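Engineer: Return a 3D structure for these sequence lines:
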Amino acid sequence: MKSQPAGSLHLLGVVCGLAAGVWLGAAEAPTKLVDAGFSPFAISLCMVAGVFTARWTFPTLMKGTGFVFADIAAKPHLIVWAILAGALWAVANTLTVFAIRDVGLAVAFPLWNANSLIGLTWGCLLFRELRGADQANKTKVVMGGFCIVGAAILLGFSTLQNADAGTSSHAVRGLAAAAGASLMWGTMYVPYRKAYLSGMNPLSFVTIFTFGELGTMLALTYTLDGGAQSSLGQLVHNRQMLFWLFLGGFIWVIGDLFQQFATKYLGIGRGIPLSNTNQLWGLAWGALVFGELRGADTGHLALVVGGSLLMILGALAISTASACKNEMQSRDAALERECYRYGLDYKETREAQDGAGHVQAGTRRWWDWAIVGTAIALFAWLGHDAQVPPLAMDFGWVSALSVLLLVAIGIGGWSLWTRTRFG
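Structural biologist: Residues are numbered from 1 along each chain as shown. All right, here's what the predicted structure looks like:
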């Protein structure tokens, strides 16, 4: 497969970033189960179990385990980076559950979405992003990132009037948890970018990534949540709840895969802010489905409208900031540095970076189908006794937002397949 033109890859990255926002926003909805009295550690661990299952299922469906293991074997130095990224994600995800419990979904979202600015800083410092870019593109990317974070803050303030006395007493703890999640997630993108500059396929990276997140969550739950006394035991024997958390993990993986491809083709500075448009979708699920804006006055609704428009403007600015020739040369210099450091072939690595990886999908083996079949059987078993969670929800909006999820995965998946074969 030939490498794609830079402009085509930029557009592909934009599509992936926006699709990631739709799915990542929806993935936080199941964490509202924390309001049903379960431990944040137990909630996070069960979601990670769903993530672990999904991270093996989707790469197997798309490329097969033969492709994944061949790609990993060609770049073994990235294994430790993927495990580190998984550990950072697990800590961040647990902190978000604490934040949702203490200050609500719509308030916590904007704080941890400041990770786009942290990621932008790391991208510029470590990977030469925006170096060589003209002033117009620098302005678009930087101001677009600030617009998205600013919009997230406005959207968060739009729901503050709903905090009750119990929530307010833990507001500082919840805000600190959200800020910690932002730092963890912003730093997590460093291994992402390092992997893709080395030519690793996102499907391979996430397969190793999941060992770091599952191992970290098991350790956190055992050491900080009472071990055998954790409410995890209640959830494990409560399949009707467990199903929704596993489903949340699956939804998150779809969003993260799109985010991974956006990071690969756009870099941290552009890809992460676009995926952080999940704030709009998180607000939609929180406000429309769970009623977090119920009873809001005109002033708070104005914040919703203003924040939404500002976020759209930020996304448009970043979407139109296509890398120029000098910036691409700077990226290639960073890529060459990685190749020299780890003894990689520059030509093959550059082709992989441009969506034309030299490791191609192979024939599916029996164990590939066994992995997929096991995942389907697990969901069927969990879903057999699934019940509607004990939360007030608007099912009309659940249906409408679910349709949008299907539209996003259809457009994003088709774009990746036709242009790079998920390369």
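Engineer: Quick check: the gap between the spatially most central residue of the chain and residue 272.
Structural biologist: Nearest to the geometric centre of the chain sits residue 256, at 3.6 Å (C-alpha atoms, centre = their mean). In this view, residue 256 and residue 272 are 12 Å apart by C-beta to C-beta, to the nearest Å. For every residue, glycine as well, the C-beta is placed using N, CA and C.
Engineer: same deal with residue 25?
Structural biologist: 14 Å.
Engineer: repeat for residue 210
Structural biologist: On the measure of C-beta to C-beta, residue 210 and residue 272 end up 20 Å apart.
Engineer: again, but for residue 318
Structural biologist: Residue 318 is 10 Å from residue 272, by C-beta to C-beta.
Engineer: So if I had to pick from the two, which one is more boxed in?
Structural biologist: Neighbours were counted for residue 318 and for residue 272 using other C-beta atoms under 10 Å; residue 272 has more, 33 against 28.
Engineer: quick one: low-confidence ranges for the stretch 101-250 of the chain?
Structural biologist: With pLDDT under 70 as the threshold, the stretch 101-250 of the chain has low-confidence stretches at 105-107, 109-110, 155-170, 226-240.
Engineer: go again using 50 as the cut-off
Structural biologist: 162-168 (pLDDT under 50).
Engineer: ok, which stretches of it are strands?
Structural biologist: Here the stretch 101-250 of the chain has no strands by DSSP state E, counting those that start in this stretch.
Engineer: Pull the number of nearby residues for the closest residue to residue 126 other than its chain neighbours.
Structural biologist: Once flanking residues are discounted, residue 126 sits nearest to residue 190: 6.4 Å by C-beta to C-beta, 6 or more residues apart in numbering. Counted by other C-beta under 10 Å, the residues lying close to residue 190 total 21.
Engineer: What of the one 3 residues further on?
Structural biologist: Here the neighbour count serves as a burial measure; for residue 193 (other C-beta under 10 Å) it reads 24.
Engineer: And residue 336, by the same measure?
Structural biologist: Neighbours of residue 336 (other C-beta under 10 Å): 15.
Engineer: Residue 211 too?
Structural biologist: The number of residues packed near residue 211 is 16, by other C-beta under 10 Å.
Engineer: Now do the helices in the stretch 101-250 of the chain.
Structural biologist: Under the criterion DSSP state H, counting those that start in this stretch, the stretch 101-250 of the chain contains helices at 105-112, 115-127, 135-157, 165-168, 171-197, 202-224, 232-236, 239-266.
Engineer: between those, which one is nearest to residue 337?
Structural biologist: helix 171-197 (8.4 Å; C-beta to C-beta).
Engineer: Report the distance from that closest one to the chain centre.
Structural biologist: On the basis of C-alpha atoms, centre = their mean, to the nearest Å, helix 171-197 sits 11 Å off its chain's mean C-alpha point.
Engineer: list the helices and strands that helix packs on?
Structural biologist: Applying 3 or more C-beta pairs under 8 Å, 6 or more residues apart in numbering; DSSP states H and E, one finds that helix 171-197 makes contact with helix 78-103, helix 105-112, helix 115-127, helix 202-224, helix 239-266, helix 268-275, helix 325-342, helix 346-353.
Engineer: Would you reformat those helices as JSON lines and include distance to residue 364?
Structural biologist: Shown next, in JSON lines, are those (distance: least, C-beta to C-beta, whole Å):
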{"stretch": "helix 78-103", "distance to residue 364": "23"}
{"stretch": "helix 105-112", "distance to residue 364": "38"}
{"stretch": "helix 115-127", "distance to residue 364": "35"}
{"stretch": "helix 202-224", "distance to residue 364": "14"}
{"stretch": "helix 239-266", "distance to residue 364": "19"}
{"stretch": "helix 268-275", "distance to residue 364": "30"}
{"stretch": "helix 325-342", "distance to residue 364": "30"}
{"stretch": "helix 346-353", "distance to residue 364": "22"}
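Engineer: still on that earlier bit, who's in contact with the residue nearest to residue 126?
Structural biologist: By C-beta atoms under 8 Å, 6 or more residues apart in numbering, the contact list for residue 190 reads 122, 126, 268.
Engineer: Distance of residue 422 relative to residue 416?
Structural biologist: Distance from residue 422 to residue 416, by C-beta to C-beta: 5 Å.
Engineer: So residue 323: helix, strand or coil?
Structural biologist: Taken by DSSP: H, G, I helix; E, B strand; the rest coil, the conformation at residue 323 corresponds to coil.
Engineer: Begin at 493, not 1, for the rest of this chat.
Structural biologist: In the new numbering, first residue 493, that becomes residue 815.
Engineer: Most tightly packed of the helices and strands packed on helix 663-689?
Structural biologist: helix 760-767 (a mean of 30; mean count of other C-beta atoms under 10 Å).
Engineer: Beyond that helix, next helix or strand please.
Structural biologist: Proceeding N to C from helix 760-767, the next assigned helix or strand is helix 770-776, under DSSP states H and E.
Engineer: Who are the packing partners of that next one?
Structural biologist: Helix 770-776 packs on helix 498-519, helix 597-604, helix 627-649, helix 790-811, helix 887-912, going by 3+ C-beta pairs under 8 Å, 6+ apart.
Engineer: Redo the ones you listed as CSV? Include distance to residue 707.
Structural biologist: As requested, these are arranged in CSV below (distance: least, C-beta to C-beta, whole Å):
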stretch, distance to residue 707
helix 498-519, 21
helix 597-604, 22
helix 627-649, 31
helix 790-811, 34
helix 887-912, 29
